[in-house]
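[1] Any chance you could fold what I've pasted below:
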Amino acid sequence: MSQLDAAADAADIVSIAAIQLTAVVGLDLWGRTDTPQPFFLSLAFHLAPSSLLLAAATDNAQFSIRPWDVIRTVEAVVARHAPFVSGKAFFRTVIDSLEGTGACEQCRLRADMRRALGCLRAEEGVRWEAIWHASALRRIAWSAHHVLVPVTLGQTEHERSMKQHVALDVRFEEADGVSEDVPYALLLENVIQLVEASAFRSLERLVHEATRVAVLGSPHVRQATVSVKRLKAAVGADYTAVQMTRTRDAFTEVPSIL
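    Presented below is the predicted three-dimensional model:
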């Protein structure tokens, strides 16, 4: 188990879910940074063991993380520093403003953009995630959800005679220490183009090839997870699905595009 995971398992946690904000975070579909969009920020403060003892002993939340102060600070950060070139830049600004908040060993951040202007094909939006630990952002990830893609898929000629829609969820996890912003929407578009242009007999092969393109699309991507739902594929079921997670070293070929 990594230090990061060990600290999370041992910690007391104070969470704040879905702070509603509006700001420019990244480029929109047309490369612009002038269109604010609503999104939701969730924070989980992992505190040092027994750090909540004083608050519990005195029955006074003033000695713990103060959610109302955190929310006001985050709202002020958005008002003062927007626009943000990426979710990673937004997280860095938030963390800088919250430095010294309680005895916090790590903070887990999640930003949900339920109708992302930079990725309109993701019908259930995109998500940024990161963990602040040891004075650095780690495990930065970007994911797109329920991307509908027409694909040629099936074991029989009849199945492959017409396009059918599958729903993709794609998650990119960034290598630690990357300073520049990775164009994840472009990496996703490369996965979509592969799926649209290819023909597959099995969902397993489709997912394998999509995962390969996702994880090898940039040297800054450490790991990728692809889940594909085949909609209306079985009688009596809404969908069938296959999911795969791979790191870069799972593939020998490295056709990096960025």
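[2] From now on I want contacts and neighbour counts done on CA atoms only, so please keep to that.
    Noted.
[3] Going by residue numbers, what spans are strands in the stretch 51-200 of the chain?
    Along the stretch 51-200 of the chain, counting by DSSP state E, counting those that start in this stretch, strands occupy 104-113, 126-133, 136-153, 164-174, 199-200.
[4] can you give me the mean pLDDT across the third one?
    For strand 136-153, the mean per-residue pLDDT is 92.
[5] and that strand, which residues are buried?
    Of the residues in strand 136-153, 137-149, 151-153 count as buried by neighbour count, 16 or more other Cα atoms under 10 Å.
[6] Just list the residues touching the residue nearest the centre of the chain, thanks.
    Using Cα atoms, centre = their mean, the residue of the chain that lies closest to the mean C-alpha position is residue 142, 3.1 Å off. Under the criterion of Cα atoms under 8 Å, 6 or more residues apart in numbering, the contact list for residue 142 reads 126-129, 171-173, 184.
[7] Filter those residues down to the buried ones.
    If we count by 16+ other Cα under 10 Å, the contacts of residue 142 have these buried: 126-129, 171-173, 184.
[8] and these as CSV, adding distance to residue 45?
    Converted to CSV, the buried ones among the contacts of residue 142 look like this (distance: Cα to Cα, whole Å):
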residue, distance to residue 45
126, 22
127, 19
128, 17
129, 14
171, 23
172, 23
173, 21
184, 27
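[9] hang on, the earlier thing: ok, which of the strands of the stretch 51-200 of the chain comes nearest residue 226?
    Taking Cα to Cα as the criterion, strand 164-174 is the member of those that comes nearest to residue 226, at 4.6 Å.
[10] Any regions of the stretch 101-250 of the chain where pLDDT drops low?
    Along the stretch 101-250 of the chain, segments meeting pLDDT under 70 span 101-103, 118, 233-235.
[11] swap the cut-off to 50 and go again
    Low-confidence regions of the stretch 101-250 of the chain, defined here as pLDDT under 50, do not occur.
[12] Ramachandran coordinates for residue 125?
    With angles defined as degrees, to the nearest 10, residue 125 sits at phi 90, psi -180.
[13] check contacts around the residue lying closest to it once chain neighbours are set aside.
    Excluding its sequence neighbours, the residue lying closest to residue 125 (Cα to Cα, 6 or more residues apart in numbering) is residue 114, at 4.0 Å. Under the criterion of Cα under 8 Å, 6+ apart, the contact partners of residue 114 comprise 39, 123-126.
[14] For residue 121, see how far away the residue nearest to residue 169 when sequence neighbours are not counted is.
    For residue 169, ignoring the flanking residues on the chain, the nearest one in space by Cα to Cα, 6+ apart is residue 145 at 4.5 Å. Taking Cα to Cα, to the nearest Å as the measure, residue 145 falls 9 Å from residue 121.
[15] go on, residue 211?
    Distance from residue 211 to residue 121, counting by Cα to Cα: 18 Å.
[16] what about the two, which has more around it?
    Neighbour comparison, residue 211 and residue 121: the larger count goes to residue 211, with 28 against 19 (by other Cα atoms under 10 Å).
[17] Okay, and the beta partners of the residue nearest to that one when sequence neighbours are not counted?
    By the measure of Cα to Cα, 6+ apart, the closest residue to residue 211 outside its immediate chain neighbours is residue 226, 5.7 Å from it. Listed by DSSP bridges, the beta-bridge partners for residue 226 are residue 170, residue 244.
[18] Kind regards, and thank you for your time.
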